[in-house]
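J.: Turn this into a structure:
(one chain, ligands or ions: 1)
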Amino acid sequence: MAVLPLNEQSFEVTVPVLIIGAGACGLTAALTVADANVGVLVLERDAVPQGSTALSSGMIPACETKIQAALGVGDTVDIMTADILSKAHGETDEAMVRAIAAESGPAIDWLVDDHNIELTLVEGFLYPNHSQLRMHAPVSRTGADLIGSFSRAAENAGIDILTEAQVVDLYADEVGRIAGVRLVRPDGTEERIGCEALILACNGFGGNAEMIAQLIPEMSDANYFGHTGNQGDAITWGEALGAAMADLGSFQGHGSVAHPHGILISWALMMQGGFQVNVTGKRFSNEHLGYSEQGRIVAGQPESIAWNIFDQRIYDGGLDFEDFRLAIKSDAVRKAATIDELIEITGLPEDNLRATMAETAALAAGEGVDEFGRDFTGNPALQAPWYAVRVTGSLFHTQGGLKVNDQAQVLRQDGSPLHNLYAGGGAARGVSGPSDWGYLSGNGLLTAVTLGRMAGRAAAIMCGES
Ligand SMILES: Cc1cc2nc3c(=O)[nH]c(=O)nc-3n(C[C@H](O)[C@H](O)[C@H](O)COP(=O)(O)OP(=O)(O)OC[C@H]3O[C@@H](n4cnc5c(N)ncnc54)[C@H](O)[C@@H]3O)c2cc1C
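T.: Okay, the predicted model is just below:
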């Protein structure tokens, strides 16, 4: 992975806009460029475009969408900006947060209206720190369906995606203008493709154990649940080009991945009244602060294990999630008619688990104050039958990256934009602050879609859209 001098390098073919990565960011950017009647080519290292997008729950937060309006949700750019900033404790770029929130609604409307990407509003509960219903997702609530509909939209728009094409080097002239890339095929053959503008949509460095150990050491022993092809290439190239970077220690974790099944168990269960205990049968945190920071907290519990405890009402709500239905089929979700049976099927220490069950019931009834600060009164008290899932904490994706402006142009250290280089999604700095606690649910796909659209628009203008 290097940035090579241009010298006399010639290219087999040259396109106006080249995009590296065919996840949500790359395909959003490609659709935007194609809509502007500018030529675009997407390069993807895998045989089938998937990325972390395919592994996700497909939830894209957005405000002021037509879908929200039809359901009477009064969300605004101001409210969404405030929610993102509040979760990140203000430790992120406020102007970028506002620009991203402002882009979110038009982006969702455009994907639905112009590209037939079917999205529905997730109703019934709010994710931590979201003050409005604003998660737009496929009906199945799976990233597999989301990337499937993006791929279909790209095909319908006549966008070329060259798969099994891993970009290894960029070519740049002496002032840092990108002229093209070198890619390798699985059989080792190489190709060189020239471009007028390059969009980096190759996500972050979650799949690169060395970079994780260096930049996010607290998660180096945790299970990585994202796409392994995301190796931090954007950062390596950006460094060589003198690009500015920020928040490289920032990441999205998750405290609820069924273990050993490896299936995401939606945090909706916690928001609707469920709770977590560790192997001692005791609670250890305020589950409502956020699932991202809970990844590190659960990974730090004895044996790196927690149990999600919930009841029939919550189980029934979970059935809206395809992943939850898969977890049931995989026997990850265990049922108990009584607390005795719950103790038996989990193997948790009897006295502690009984005490925890009694304490959470009292808190739900408004008696006492939770030592971790959670308010249990927003949901009905849990009742038999009980359910339990054994989970672990995971690293989902990194949130730090290349600094970009509101046209998704990659910036130099002095704040000036590099000539023709753009970045979005996990390749760019996110809006989650410096660590894991600043991640507001959906910040990942939010910046994939919005920065992807901004990058596509700016690159198309640069290449003279018609
Ligand atoms: C289990 C899980 C659940 C999640 N749920 C949600 C959710 O519901 N909502 C949300 O907002 N976020 C969620 N996220 C985060 C979200 O998936 C990511 O933030 C988002 O998918 C990033 O999109 P992207 O396009 O930047 O990257 P990706 O979708 O990962 O796409 C990057 C692509 O670039 C390719 N690539 C990388 N390097 C190269 C190279 N050198 N040459 C060619 N191709 C390359 C990769 O193969 C990949 O296909 C979740 C993440 C995980 C792991």
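J.: Can you identify the element that follows the longest helix along the chain toward the C-terminus?
T.: The residue-count maximum for a helix in the chain (DSSP state H) belongs to helix 94-115. Once helix 94-115 ends, the next helix or strand along the chain (criterion: DSSP states H and E) is strand 120-121.
J.: So that next one, near the ligand or not?
T.: No: using Cβ under 6 Å from any ligand atom, strand 120-121 never reaches the ligand; the gap is at least 13.6 Å. From N, CA and C alone the C-beta is placed, and that goes for glycine too.
J.: before we move on, back to that, buried residues in the longest helix of the chain?
T.: 96-105, 107-112, 115 (16 or more other Cβ atoms under 10 Å).
J.: Show me what the lowest-mean-pLDDT helix or strand in the chain is packed up against.
T.: Least confident element among the helices and strands of the chain, by mean pLDDT, DSSP states H and E: strand 223-224 (a mean of 92). The contact analysis (3 or more Cβ pairs under 8 Å, 6 or more residues apart in numbering; DSSP states H and E) places strand 223-224 against strand 386-398.
J.: Walk me through which strands the strand it packs on pairs with, and which way each runs.
T.: strand 223-224 (parallel), strand 251-258 (antiparallel), strand 305-311 (antiparallel), strand 333-336 (antiparallel) (DSSP bridges).
J.: Would that strand count as contacting the ligand?
T.: Yes: counting by Cβ under 6 Å from any ligand atom, the ligand has neighbours in strand 386-398: 396-397.
J.: avg pLDDT for that strand?
T.: In this model, strand 386-398 has an average pLDDT of 97.
J.: returning to that earlier point: can you sort out which of the buried residues of helix 94-115 also neighbour the ligand?
T.: Okay, of those, nothing touches the ligand (Cβ under 6 Å from any ligand atom).
J.: Can you name the residues of the stretch 201-350 of the chain that neighbour the ligand?
T.: Going by Cβ under 6 Å from any ligand atom, the residues of the stretch 201-350 of the chain near the ligand are 201-203, 225-227, 229-230, 233, 264.
J.: Those in helices, which ones?
T.: Filtering those for helices - DSSP H - leaves residue 233.
J.: Residue 267 and residue 122, how far apart?
T.: As judged by Cβ to Cβ, to the nearest Å, residue 267 and residue 122 stand 12 Å apart.
J.: Revised request: answer the last question for residue 293.
T.: Taking Cβ to Cβ, one finds residue 293 at 21 Å from residue 122.
J.: mind listing what the one residue in the stretch 1-150 of the chain that gets nearest to the ligand touches?
T.: For the stretch 1-150 of the chain, the residue closest to the ligand is residue 23, as judged by Cβ to the nearest ligand atom, at 2.1 Å. Residue 23 sits next to 49-54, 147, 201, 203, 227, 425, 448 when contact means Cβ atoms under 8 Å, 6 or more residues apart in numbering.
J.: Please name the residues that touch the nearest residue to residue 370 once chain neighbours are set aside.
T.: Leaving aside its sequence neighbours, residue 370 sits nearest to residue 363 (Cβ to Cβ, 6 or more residues apart in numbering; 5.5 Å). Neighbouring residues of residue 363 by Cβ under 8 Å, 6+ apart: 369-370, 374, 376-377.
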